[in-house]
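*Asks:* Please work out how this folds:
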Amino acid sequence: WRMRAGGQPPGSDMPQPVLDGRRGHRQLSSHYRRGRICSNTLPIMLLALSAFALVLADPRTVGVHPDEHKMYLENEFQCKDGSNKIPSSRVNDDYCDCDDGSDEPGTSACQNGKFWCTNKGHHPHYVFSSVVNDGICDCCDGSDENSGVATCSDRCDEEGAERRRELIQQIELHEQGLLKIPDYVDAAERYMNGVKARKEELVTQVAEKQAELDLKKQRQDELQKEVDAEEAPKKAAEEERKKQEKEAAWKDWKEAKDNGEVAEEPGEGGEEA
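*Replies:* So this is what the prediction gives:
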């Protein structure tokens, strides 16, 4: 540690141990036993805990969707496409045993494998296993780069913030729309009531017009009967006249025939041809 005047490290008012051989070691141990740990060591401890957590994580489940962990932790692993069955120790061993690449989600051994990005705080999704440990951070949580080739910071909260803002805006708009539903329902009811009233009005008008039409038809029939009654004597007299003319024409033709005169038969209208 870098000591300042008074034996205190910068930014700390806590009494600090003096590192002087075995005596210093005993003093340091005493400080730790009393819980007085220098604040500068906290990041180192956090990194150590993170590394310990990674060690505890089963390598067979790296890049595996949480819902499928059980399948990968069995003694034997069945390829998802049924092409092969292998010991679970050969899962994520950087060798492609399954035709569909399902045995190597956490390595780039299989070009058609899929790596599950947990992306806590953002949108989880799959990436192709071929991009695992390629030096490029494809998952916002950096979980696809676990070999140390690339150092990926967790960007999920930052990238997810914009998405969350969009979702909040959508929720707010949805809630505003829900508040307007009663107004829309009232407007729809008023419109439907207006349509119903207009329909009844039109039905009434159609019935009235039909009654007027029936009345006019009835009057027309009555007038036609009157006309027929007035025309009946005229038609009868005309028919009688034609009948008499026809009879007279036949009579004249017969007399002419009896007298030896050449004459043709009278036409259909009662006149000689």
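*Asks:* how close does Thr204 get to Arg241?
*Replies:* Plainly put, Thr204 is 56 Å away from Arg241 if you go by CB to CB, to the nearest Å. Glycine gets a C-beta too; all of them are placed from N, C-alpha and C.
*Asks:* Give me the distance from the helix or strand harbouring Ala256 to the chain's centre.
*Replies:* Remark: Ala256 resides in helix 156-258, with elements defined by DSSP states H and E. The chain centre lies 44 Å from the centre of helix 156-258; the measure is CA atoms, centre = their mean, to the nearest Å.
*Asks:* Work out which residue lies at the spatial centre of this protein.
*Replies:* The structure's the chain has its C-alpha centroid closest to Gln170; by CA atoms, centre = their mean the separation is 15.3 Å.
*Asks:* For that one, report the pLDDT, please.
*Replies:* If you check Gln170, the pLDDT there is 93.
*Asks:* and it, what does it touch?
*Replies:* Going by CB atoms under 8 Å, 6 or more residues apart in numbering, Gln170 touches no other residue.
*Asks:* For Glu222, see how far away it is.
*Replies:* 74 Å.
*Asks:* and what of Val62?
*Replies:* When Val62 is compared with Glu222 (using CB to CB), they lie 101 Å apart.
*Asks:* again with Glu255
*Replies:* 51 Å.
*Asks:* And for Thr151?
*Replies:* Going from Thr151 to Glu222 by CB to CB gives 107 Å.
*Asks:* do the same with Glu76
*Replies:* Counting by CB to CB - Glu76 and Glu222 are separated by 102 Å.
*Asks:* a strand runs through Phe77, doesn't it?
*Replies:* Yes: assessed with DSSP: H, G, I helix; E, B strand; the rest coil, Phe77 lies in a strand.
*Asks:* Surely it and Pro87 touch.
*Replies:* Yes: Phe77 is in contact with Pro87 according to CB atoms under 8 Å; the separation is 7.4 Å.
*Asks:* between these two, who's got more neighbours?
*Replies:* The residue with more neighbours, out of Phe77 and Pro87, is Phe77; 23 against 12, by other CB atoms under 10 Å.
*Asks:* Give the burial count for the closest residue to His69 other than its chain neighbours, as a bare number.
*Replies:* The shortest distance from His69 to any non-neighbouring residue, by CB to CB, 6 or more residues apart in numbering, is to Thr61 (5.0 Å). Using other CB under 10 Å, the number of residues around Thr61 comes to 20.
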